[in-house]
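S.K.: sharing a sequence plus its predicted fold:
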Amino acid sequence: MINVQEIRKDFPILSRSVNGKPLVYFDNAATSQTPNQVVDVIVDYYHNYNANIHRGVHSLSQEATDKYEAARIKIQQHFNAAKSHEIIFTSGTTHGINLVANGFSALLEKGDEIIVSALEHHSNIVPWQMLCERTGAVLKVIPMTEEGTLDMVTFEAVLSEKTKLVFCNHVSNALGTINPIETIIEKAHAVGAAVLIDGAQASPHIKADVQALDVDFYVVSAHKMCGPTGAGMLYGKEAWLQKLPPYQGGGEMIAEVTFEKTTYADLPHKFEAGTPNICGGIAFGAAIDYMNSVGFDTIATYEDELLQYATEKLSTIAGLRIYGPNDHKAAVISFNIEGIHPYDMGVILDKLGIAVRTGHHCAQPIMDFYNIPGTVRASFAFYNTKEEIDILFEGVVRAKNMLS
Amino acid sequence: MTIEEIQNEIVDEFSMFDDWMQRYEYMIELGKSLPLIDEQYKTDDNLIKGCQSKVWVHASLDGDKIAFTADSDAIITKGIIAILVRAFSDQKPKDIIEANTDFIDEIGLKEHLSPTRANGLVSMIKQLKMYAIAYQTQLK
């Protein structure tokens, strides 16, 4: 059993008020809040051992390097990667995707095909479009269904020997759909294609096992899972990471430099040019420790309870439509009320101290599919409560009365 | 009336309300009195960029004064553009260009001035002033 009131003490921000009302934070899919345990690690870093890593012979540098590399191992263990050098520190999911997309420029030929899902965030569409422009490869799409799930029949029809890469998010940020990535990976591998899974939205809810999934690349951001912004990781199978050329040149990523030729460092440093976000990486490790101390099974059970409670409650409001599947989804409710613009709803809810996201959620193709300007998205975390959902419900009713 | 007089009038009207809810309800009411843009002008060219909701504005010259019409698909945004149109419509380009917009703060809509706000009140003001600059050049 989860003790939410105890957990909430770890997050001082949850006790503040907004517009004179107690804050109800339901924008967790945009960024999660940061517990004291992670903030303390950040403060400790700057108070006690801030130094540049890997090259210094002095003690501070050694200490910072040890902590940074220990964080890499925590991340490796959390996602069950076979080797710690398969974990590349990044600035976040978008960085990880761009790193892989850039690397594939050297491996693709004209006429090769890339498949993306229709449920993607713009950050998992645009880098591949750019890759196609560079290489002459063709972008294909796995369409979505009215329920907000992927059309797997069409996926199999689109998949062919020409397919070199498949990209899909584990959980859709706009709708919360949990995609059948196991099947996607298996089918893609059967035609020899590599698969990148965007785990940004899944990582706060689901503990992914990259070896069990047999996924080629998996990317996440620390700030979606109680860590700081500007930190994240790219998991890549060793063989793929060796095959891909470096993304950025600079310090850290070289073995030897002369004006005639530079040889690159071994993994993971080959992809970590320049001074990294040292503190962010260490804090990412602390965030993973924190989430595991709560426990992913506990989190999943409790968030599911919140999701069901909120779904049942909001569904009683006349004219309210929830987008996305009914089950097999993360703790996200994307909705609209007939005749009310999501922006108007968001403004009124903000006045009531309730933070939700409104708009297209960087997933315009999904909004175009439903022919709507956007949705109101309430996304829950394990530190939210049913009482907060009651406040959301009352807020939505109040806004509806005002706006219609 | 001058722009300043109209703005003072709007500030007076809003000062009657004690809480945000009444202010927003009044703003929504004002949106209903907005001189609506003719359907033929609801084009992408007349859309104001930087808004989460759609806002169309059309300007035309009537003698030496500019008349604005507008519309939005969100009713709070429609209320905001209605307030701006009321303050700036039927005024000379020079007066529109020189007008200050501190009254927005005084009527309790300061939060909409923040650049992080997706409704683009700042973009709306900028767009109305751009029309004024364009017409002033034309009049010269």
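M.R.: Perfect, I can see it now.

S.K.: may I see the buried residues of stretch A:289-299?
M.R.: Of all the residues in stretch A:289-299, those buried under the rule 16 or more other Cβ atoms under 10 Å in any protein chain shown are A:Asp289, A:Tyr290, A:Met291, A:Val294, A:Phe296, A:Ile299. Where C-beta positions appear, they are placed from N, C-alpha and C, glycine not excepted.

S.K.: again, but for stretch A:95-110
M.R.: Buried residues in stretch A:95-110, counting neighbours by 16+ other Cβ under 10 Å, are found at A:His95, A:Gly96, A:Ile97, A:Asn98, A:Leu99, A:Val100, A:Ala101, A:Asn102, A:Gly103, A:Phe104, A:Leu107, A:Leu108.

S.K.: and stretch A:396-404, is it in reach of chain B?
M.R.: Yes - with Cβ under 8 Å from any Cβ of the partner chain as the criterion, chain B is reached by stretch A:396-404 at A:Met402, A:Leu403.

S.K.: for that stretch, buried residues please.
M.R.: Within stretch A:396-404, the residues scored as buried using 16+ other Cβ under 10 Å are A:Val396, A:Ala399, A:Lys400, A:Met402, A:Leu403.

S.K.: repeat for stretch A:210-228
M.R.: A:210, A:213, A:215-228.

S.K.: okay, which residue is most central for the chain?
M.R.: Reading this off chain A. Nearest to the geometric centre of chain A sits A:Ala200, at 0.9 Å (Cα atoms, centre = their mean).

S.K.: should've been chain B
M.R.: Closest to where the C-alpha atoms of chain B average out (Cα atoms, centre = their mean) is B:Leu84, at 2.1 Å.

S.K.: what separates the helix or strand hosting that residue from the chain centre, distance-wise?
M.R.: Here B:Leu84, judged by DSSP states H and E, is contained in helix B:75-88. Centroid separation for helix B:75-88 versus its chain: 4 Å, with Cα atoms, centre = their mean, to the nearest Å.

S.K.: packing partners of that helix?
M.R.: With contacts taken as 3 or more Cβ pairs under 8 Å, 6 or more residues apart in numbering or on different chains; DSSP states H and E, helix B:75-88 sits against helix A:342-351, helix B:3-14, helix B:20-32, strand B:55-62, strand B:65-72, helix B:121-139.

S.K.: go ahead and name everything in contact with the fifth one.
M.R.: In this case it means strand B:65-72. Residues outside strand B:65-72 that contact it (Cβ atoms under 8 Å, 6 or more residues apart in numbering or on different chains) are B:31, B:34-38, B:41-42, B:51, B:53-61, B:78, B:81-82, B:84-85, B:88-93, B:96, B:128, B:131-132, B:135.

S.K.: burial check on the nearest residue to A:Ala118 once chain neighbours are set aside, number of neighbours?
M.R.: Once flanking residues are discounted, A:Ala118 sits nearest to A:Met144: 4.2 Å by Cβ to Cβ, 6 or more residues apart in numbering or on different chains. By the criterion of other Cβ atoms under 10 Å in any protein chain shown, A:Met144 has 22 neighbours.

S.K.: quick one: find the helix or strand in the chain with the lowest mean pLDDT.
M.R.: Using chain A. strand A:254-257 (a mean of 76; mean pLDDT, DSSP states H and E).

S.K.: nope, chain B please
M.R.: helix B:103-106 (a mean of 86).
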